[in-house]
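Participant: Fold the following.
(chains A and B)
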Amino acid sequence: MSTTAEAVGQAKAAITSADLAKAREVSATVGEFRSPTPRMVCRNVNVWYADKQAIKDVNLDIGKNEVVSMIGPSGCGKSTFLRCLNRMNDTIAGCRVSGTLELDGVDIYDKRLDVVPLRAQVGMVFQKPNPFPKSIYENVAYGPRIHGLTNDKAELDALVEESLRKAGLWEEVKDRLDQPGTGLSGGQQQRLCIARTIAVSPEVILMDEPCSALDPIATAKIEELIDELRANYSIAIVTHSMQQAARVSQRTAYFHLGDLIEVGQTDQIFTNPRHRLTEDYITGRFG
Amino acid sequence: MNSPIAAARPRAIDRVNQSLKRRYAAERRFRFLGASAVVIGLLFVTILFVDIIGKGYTAFWQTSIQLSIYFDPEVIDPSGERDPQELRRADYQKLARDALRAEFPEVQRRQELRELYGLLSTGVAQQLAERVQANPERIGTTEAVWLLADDDVDMLIKGKIDRDLPESDRRVKDRPLAWIEALEAKGAIEKHFNTPFFSNGTSREPELAGIAGALMGSFYTLLLTLLFSFPIAVATAVYLEEFAPKNRWTDLIEVNINNLAAVPSIVFGLLGLAVFINFFGVPRSTPLVGALVLTLMTLPTIIIASRAALKSVPPSIREAALGVGASPLQTQFHHVLPLAMPGMLTGTIIGMAQALGETAPLLMIGMIAFIVDIPGGATDAATVLPVQIFLWADSPERGFVERTSAAIMVLLAFLIAMNLTAVMLRRKFERRW
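Facilitator: The predicted model follows:
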């Protein structure tokens, strides 16, 4: 396996040596990792699991109203990076994070910061649909209830309906809100999890391969939903499907063995990748 | 066709076929061993049950003798004022004896009379007193009353004393035997359902001994054990499993908890004696101190079961809860604990069943005392079912043999009921996802 520098050296002529020199000053990443309107700003993020470094010096912004997709071969650190954004990595023993991660200018790894409100602001949808073994209504109402977001039952009912509508699930479940959420189909469960996440009005939604357990029809529904949610939220999505990344995201980040190799507008990454590793990956030569 | 691979192929399948025979034989052997283990196990359980039930079922019936009792006002209420104090003090035994003498007027000699009186239990005085207290109008009337027979009569009627034995080998001698047969011929001897067995405390007289005292003692002890051990064990399990840092200290604690589960129970009894009774001054022989000792004993069982139940809750549920911003404690109480509860309850009931059957540690803290009164609270002196069984098994009277088996049956019934409850709770609370 060639190093990043060698790989960049062999890449297409689209990058001049001056560009490369400039890129190296800031990071090894090719392309523009900054966003003009950043919501989350991540600089020099390193993560270790015990002694093993999982991601190295990653710099990436997540802008307002945009979907950033993260692609790359298995074990490249994209999920790890995603889980840093709402400190879900805190629950893993032996996990260390260094660098700066900011949400709206606030350092989320500040010792004084409380992770409970952070996770209300940065919601997460997991790979495997994980509804609570409670009713559909309770699944969605749980977040607002523990955070005290509504004043009375009527408001809570309205919020549950609104969240389920936004997740495109209302029409399918409105007559059976008291039935267990675990009785829904896989795709419905995942949309229920999305409804549960948006019920607490987060600012950023993290999605960790949300469609990997779903069939193409359910996947299409979720993708449609992601596109609609973009109007109100910033979304970071990890996916193994390059078609999905191409369909839903505005910007794409390619991870490789813990390095963020290339970031760019999604169409540019898929039509005109500048780094050889990116090109190899999206053309299916490995990964 | 002559290539090495083509030539090797049929040989491979032949080898597979050859090995198949061995593999299937091994499987059959394994199944046979498993099935025979189950059969042997069931056989022993059956033998146990047949033996206990066969010995014990007769204890649920008790022989009574019907006598026409004259509630003599001269004996019961000489002053004629119906003073409850006086009614309580009266010599009711005399009423029964008079009735017996009236039944067998030919008996005159002192020695014979003593034998005659021995047909009745000493408990008849209590029986008659209760009748009079229930309705003082009876005084002055004559009534046919079923009175409790002595345990030797009971054994004879139940066929546990052989009437054909020579008199010298027989516990019931010829004279009493003749009287009993006379009464039988009159239809004045019957077996009735043995309610005193369930309502009396223990006694030196088998026909008066009941398990109510031991049952209440077991009830209070287990109730307190449950109240003490369940919250402590669940809190410990949740803390160790979900909150405690994983380091050398928590490893040490875990090893210690596992070791505690294997400590002989008598050691817990000594500990309870030294700490709870001698140091803290908890009254001895009481359900309270018994429960404290049994709590120490059942804690490891419940903690280990609870931790296993917590481990089996899928991590995705914790992530989901944390992901919507639940605090760690909310995650535990709203999501993890309800899912772990069936496992925890099962562990608890198994621990409780173990505590219900425990004898050794209770001997150390004085619960082996002979206590006739039925305990009315957690600080009254009491004994428990297994200790009662132990005490009765140790008694020489023939009548205690069937009572021991009957008490074992009651204990087993409770154990089975508790285990069924565990299964039902599990079914009820088990959730699938």
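
Participant: Secondary structure class of residue B:113, three-state.
Facilitator: Taking DSSP: H, G, I helix; E, B strand; the rest coil as the rule, one finds residue B:113 in the helix state.

Participant: ugh, typo on my part, it should be residue B:322
Facilitator: Classified using three-state DSSP, residue B:322 is helix.

Participant: wouldn't it be in contact with residue B:331 here?
Facilitator: Yes: with contact defined as CB atoms under 8 Å, residue B:322 counts as touching residue B:331 (5.8 Å). From N, CA and C alone the C-beta is placed, and that goes for glycine too.

Participant: Next, the contact list for residue A:81, please.
Facilitator: If you count contacts by CB atoms under 8 Å, 6 or more residues apart in numbering or on different chains, residue A:81 has them with A:42, A:45, A:47, A:55, A:58, A:60, A:70, A:255, A:260.

Participant: Would you show me how to pick out the buried ones of those residues in ChimeraX?
Facilitator: A single ChimeraX command suffices to select whichever of the contacts of residue A:81 are buried according to 16 or more other CB atoms under 10 Å in any protein chain shown:
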select /A:42,45,47,55,58,60,70,255,260
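
Participant: Show me the contacts of residue A:81 that map onto strands.
Facilitator: A:42, A:45, A:47, A:55, A:58, A:60, A:70, A:255, A:260 (DSSP state E).

Participant: How many residues are close by the closest residue to the second one other than its chain neighbours?
Facilitator: Okay, so that is residue A:45. In space, residue A:45 comes closest to residue A:99 once its chain neighbours are excluded; the distance is 3.8 Å by CB to CB, 6 or more residues apart in numbering or on different chains. Counted with other CB atoms under 10 Å in any protein chain shown, residues neighbouring residue A:99 total 16.

Participant: With the one 3 residues further on instead?
Facilitator: Residues within reach of residue A:102, counting by other CB under 10 Å, total 17.

Participant: go on, residue A:259?
Facilitator: The local packing of residue A:259 (other CB under 10 Å) involves 21 other residues.

Participant: give the contact list for the nearest residue to it once chain neighbours are set aside.
Facilitator: Distances taken as CB to CB, 6+ apart place residue A:56 nearest to residue A:259, at 5.6 Å, with adjacent residues excluded. By CB under 8 Å, 6+ apart, the contact set of residue A:56 is A:46, A:258-259.

Participant: gap between the closest residue to residue A:46 other than its chain neighbours and chain B?
Facilitator: Leaving aside its sequence neighbours, residue A:46 sits nearest to residue A:98 (CB to CB, 6+ apart; 4.7 Å). From residue A:98 across to chain B, the span is 21 Å (CB to the nearest CB, to the nearest Å).

Participant: Show the pLDDT at residue A:98.
Facilitator: In this model, residue A:98 is scored at 89, pLDDT.

Participant: Am I right that it is in a strand?
Facilitator: Yes: read with three-state DSSP, residue A:98 is one of the residues of a strand.

Participant: Give me the neighbour count for the residue nearest to residue B:160 when sequence neighbours are not counted.
Facilitator: With CB to CB, 6+ apart as the criterion, residue B:160 has its nearest non-adjacent residue at 6.3 Å, and that residue is residue B:398. If you count neighbours by other CB under 10 Å, residue B:398 ends up with 17.

Participant: Contacts only, for the residue nearest to residue A:45.
Facilitator: Per CB under 8 Å, 6+ apart, neighbours of residue A:99: A:42-46, A:57-58.

Participant: So which residues of the stretch 1-150 of chain A form helices?
Facilitator: A:4-9, A:17-26, A:78-84, A:115-121, A:136-147 (DSSP state H, counting those that start in this stretch).

Participant: okay, how far is it across stretch A:44-60, tip to tip?
Facilitator: This stretch, stretch A:44-60, spans 9 Å end to end (CA to CA, to the nearest Å).

Participant: how far out from the middle of the chain is that stretch?
Facilitator: 17 Å (CA atoms, centre = their mean, to the nearest Å).
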